[in-house]
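# Sequence first, predicted model second:
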Amino acid sequence: MAVDLAPELLEILACPNCHGALAVDHDRDELVCLAADCGLAYPVRHQIPVLLIDEARRPHSRTDRPEISPGR
């Protein structure tokens with residue numbers, strides 16, 4: 001299922017960990033923090049972002065993520 005969030009929502013969402021901008025990773029159904037020192041990936045379940053640090057995944061590297069679309 002592709003992530004289909006309203007652009008207005010993506011514009012105001014921020015990473016709960018570092019307050020950085022989030023981008024959509026459609027391949028993994030996640031919102032990914034774009035901050036270089038953070039990079040947490042938050043799941044989107046049933047079109048609802050789960051912005052809990054305990055639920056976030058830390059990617060192995062910033063290059064392991066396929067195409068992501070900036071939320072802002």
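Right, received. Where do you want to start?

# tell me, what residue is most central in the chain?
Leu31 (1.4 Å; C-alpha atoms, centre = their mean).

# Val3 versus that one, what's the distance?
Applying C-beta to C-beta, to the nearest Å, the value for Leu31 to Val3 is 8 Å. (Each C-beta comes from the backbone N, C-alpha and C, glycine too.)

# Show me whatever sits in contact with both of those two.
24-25, 44 (C-beta atoms under 8 Å, 6 or more residues apart in numbering).

# Save those as JSON lines, and put in secondary structure too.
Below are these laid out as JSON lines (DSSP: H, G, I helix; E, B strand; the rest coil):
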{"residue": "Val24", "secondary structure": "strand"}
{"residue": "Asp25", "secondary structure": "strand"}
{"residue": "Val44", "secondary structure": "strand"}
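
# Include neighbour count and pLDDT when you put the residues you listed into a markdown table, please.
Output for the shared contacts of Leu31 and Val3, formatted as a markdown table (neighbours: other C-beta atoms under 10 Å; pLDDT from 0 to 100):
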| residue | neighbour count | pLDDT |
| --- | --- | --- |
| Val24 | 22 | 93 |
| Asp25 | 20 | 93 |
| Val44 | 22 | 95 |
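
# Out of these, flag the one nearest to Val50.
Checking the shared contacts of Leu31 and Val3 against Val50 by C-beta to C-beta gives Val44 as the nearest, at 7.1 Å.

# And stretch 40-49, how far out from the chain middle?
Taking C-alpha atoms, centre = their mean, to the nearest Å, the mean C-alpha location of stretch 40-49 is offset from the chain mean by 7 Å.

# what's the answer for stretch 36-52, then?
4 Å.

# Then stretch 25-41?
On the basis of C-alpha atoms, centre = their mean, stretch 25-41 sits 4 Å off its chain's mean C-alpha point.
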